[in-house]
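What follows is a predicted protein model with its sequence.
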Amino acid sequence: MIEEQEIIEIKKEELVEKVTALEAKGYRLVQIHCTTLDTLIVDYTFEEYDTMKFLNYRIEIPRKDPQLPSITSIYFAAFTYENELHDLFGIKIDGNLLDFGGTFYRIEVKQPFNPEQTDQEK
(Lines give C-alpha, C1' and ligand atoms only; values in the text may rest on other atoms or scores of the structure.)
Protein backbone atom coordinates (compact mmCIF):
# COMPACT_ATOMS: atom_id res chain seq x y z
CA MET A 1 0.00 0.00 0.00
CA ILE A 2 1.26 3.45 -0.91
CA GLU A 3 0.48 6.12 1.62
CA GLU A 4 -1.27 9.23 0.37
CA GLN A 5 0.93 12.24 0.94
CA GLU A 6 -0.56 15.62 1.62
CA ILE A 7 1.05 18.58 -0.16
CA ILE A 8 0.20 21.99 1.25
CA GLU A 9 1.25 25.08 -0.67
CA ILE A 10 2.47 27.85 1.61
CA LYS A 11 4.23 31.19 1.26
CA LYS A 12 7.86 31.47 2.27
CA GLU A 13 6.84 33.96 4.98
CA GLU A 14 4.82 31.17 6.66
CA LEU A 15 7.59 28.56 6.63
CA VAL A 16 9.26 29.12 10.01
CA GLU A 17 5.97 29.38 11.92
CA LYS A 18 4.52 26.23 10.30
CA VAL A 19 7.72 24.21 10.75
CA THR A 20 7.94 25.27 14.40
CA ALA A 21 4.39 23.97 14.93
CA LEU A 22 5.25 20.63 13.30
CA GLU A 23 8.34 20.18 15.45
CA ALA A 24 6.25 20.85 18.57
CA LYS A 25 3.87 18.05 17.46
CA GLY A 26 6.75 15.58 17.12
CA TYR A 27 7.29 15.62 13.37
CA ARG A 28 10.75 14.91 12.03
CA LEU A 29 12.33 16.50 8.97
CA VAL A 30 12.67 13.92 6.19
CA GLN A 31 14.01 15.97 3.30
CA ILE A 32 14.03 19.27 1.42
CA HIS A 33 13.83 19.03 -2.35
CA CYS A 34 13.91 21.57 -5.17
CA THR A 35 12.66 21.29 -8.74
CA THR A 36 13.39 23.79 -11.50
CA LEU A 37 10.42 24.69 -13.70
CA ASP A 38 9.40 28.20 -14.74
CA THR A 39 9.90 28.92 -11.04
CA LEU A 40 11.69 27.01 -8.29
CA ILE A 41 9.47 24.56 -6.42
CA VAL A 42 10.82 23.69 -2.97
CA ASP A 43 9.22 20.83 -1.02
CA TYR A 44 9.80 20.31 2.69
CA THR A 45 8.80 16.80 3.80
CA PHE A 46 8.05 15.88 7.40
CA GLU A 47 6.96 12.64 9.04
CA GLU A 48 4.81 12.37 12.13
CA TYR A 49 6.69 10.09 14.51
CA ASP A 50 3.71 8.18 15.92
CA THR A 51 1.70 7.60 12.74
CA MET A 52 4.56 7.69 10.20
CA LYS A 53 2.35 9.95 8.06
CA PHE A 54 4.10 12.30 5.65
CA LEU A 55 3.27 15.98 5.27
CA ASN A 56 4.77 18.19 2.57
CA TYR A 57 4.97 21.97 2.50
CA ARG A 58 5.52 23.35 -0.99
CA ILE A 59 6.86 26.82 -1.67
CA GLU A 60 7.13 28.37 -5.13
CA ILE A 61 9.76 31.08 -5.53
CA PRO A 62 11.07 33.00 -8.56
CA ARG A 63 14.22 31.80 -10.29
CA LYS A 64 15.61 35.34 -10.24
CA ASP A 65 16.97 36.35 -6.80
CA PRO A 66 15.42 33.37 -4.94
CA GLN A 67 15.39 33.56 -1.13
CA LEU A 68 14.06 31.43 1.71
CA PRO A 69 14.31 31.63 5.49
CA SER A 70 16.38 29.00 7.25
CA ILE A 71 14.79 26.34 9.44
CA THR A 72 18.11 25.33 11.07
CA SER A 73 17.05 26.93 14.36
CA ILE A 74 14.24 24.33 14.46
CA TYR A 75 15.89 21.36 12.70
CA PHE A 76 19.65 21.88 12.77
CA ALA A 77 20.23 19.05 10.27
CA ALA A 78 18.49 21.19 7.65
CA PHE A 79 21.84 22.95 7.14
CA THR A 80 22.82 20.25 4.65
CA TYR A 81 19.71 20.74 2.53
CA GLU A 82 19.91 24.51 2.78
CA ASN A 83 23.54 24.60 1.65
CA GLU A 84 22.59 22.32 -1.24
CA LEU A 85 19.73 24.64 -2.23
CA HIS A 86 22.21 27.51 -2.26
CA ASP A 87 25.00 25.79 -4.17
CA LEU A 88 22.88 23.97 -6.77
CA PHE A 89 19.93 26.33 -7.26
CA GLY A 90 21.26 29.73 -6.15
CA ILE A 91 18.69 30.13 -3.38
CA LYS A 92 19.83 32.57 -0.69
CA ILE A 93 19.01 31.07 2.70
CA ASP A 94 18.58 33.71 5.39
CA GLY A 95 19.83 32.60 8.82
CA ASN A 96 21.41 29.19 8.08
CA LEU A 97 23.28 28.32 11.29
CA LEU A 98 26.00 26.40 9.41
CA ASP A 99 26.41 28.24 6.12
CA PHE A 100 29.22 26.95 3.92
CA GLY A 101 29.17 30.18 1.88
CA GLY A 102 28.83 28.47 -1.48
CA THR A 103 31.47 25.80 -0.85
CA PHE A 104 29.30 22.88 0.29
CA TYR A 105 29.83 21.32 -3.14
CA ARG A 106 33.02 21.72 -5.10
CA ILE A 107 31.58 22.13 -8.56
CA GLU A 108 32.76 23.88 -11.68
CA VAL A 109 29.46 25.54 -12.55
CA LYS A 110 27.79 27.64 -9.88
CA GLN A 111 24.06 26.97 -9.39
CA PRO A 112 23.90 24.44 -12.27
CA PHE A 113 20.15 23.84 -11.81
CA ASN A 114 19.19 27.50 -12.09
CA PRO A 115 20.91 28.90 -15.20
CA GLU A 116 18.99 32.18 -14.91
CA GLN A 117 20.55 32.82 -11.50
CA THR A 118 24.00 31.70 -12.75
CA ASP A 119 23.86 34.13 -15.68
CA GLN A 120 23.01 36.91 -13.28
CA GLU A 121 26.06 36.29 -11.10
CA LYS A 122 28.62 36.30 -13.95
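Yes, it's here.

use CA for all of it now, contacts and neighbours both
OK.

does Asn83 sit in a helix, a strand or a coil?
Secondary structure, DSSP: H, G, I helix; E, B strand; the rest coil: Asn83 is helix.

Break down the chain into its strands, ranges please.
6-9, 27-36, 40-48, 54-61, 67-69, 92-94 (DSSP state E).

What is the burial count for the nearest residue to Thr20 once chain neighbours are set aside?
Computed as Cα to Cα, 6 or more residues apart in numbering, the closest residue to Thr20 that is not its neighbour in sequence is Ile74, at 6.4 Å. Ile74 sits with 16 neighbouring residues when counted by other Cα atoms under 10 Å.

ok, Ile74 - contacts?
Applying Cα atoms under 8 Å, 6 or more residues apart in numbering, we find Ile74 in contact with 19-20, 23.

so Asp65 makes contact with Ile91?
Yes - contact criterion Cα atoms under 8 Å: Asp65 and Ile91 qualify, at 7.3 Å.

Looking at these two, which one has more neighbours?
Ile91 (25 against 12).

and which of the contacts of Ile74 is nearest Thr103?
Each of those was scored against Thr103 by Cα to Cα, and Val19 proved nearest at 26.5 Å.

mind checking pLDDT for that closest one?
Val19 carries a pLDDT score of 98 in this model.

contacting residues for it?
Shown in contact with Val19 (Cα under 8 Å, 6+ apart): 71, 74.

what does Ile61 give?
Neighbours of Ile61 in contact, by Cα under 8 Å, 6+ apart: 39-42, 67.

Could you pick out the buried ones from these?
Among these, those classed as buried by 16 or more other Cα atoms under 10 Å are 40-42, 67.

any idea which of the contacts of Ile61 is closest to Gly102?
Distances from Gly102 to the contacts of Ile61, taken by Cα to Cα, are shortest for Gln67, at 14.4 Å.

The closest one reaches Asp94, doesn't it?
Yes - applying Cα under 8 Å, one finds Gln67 in contact with Asp94, separated by 7.3 Å.
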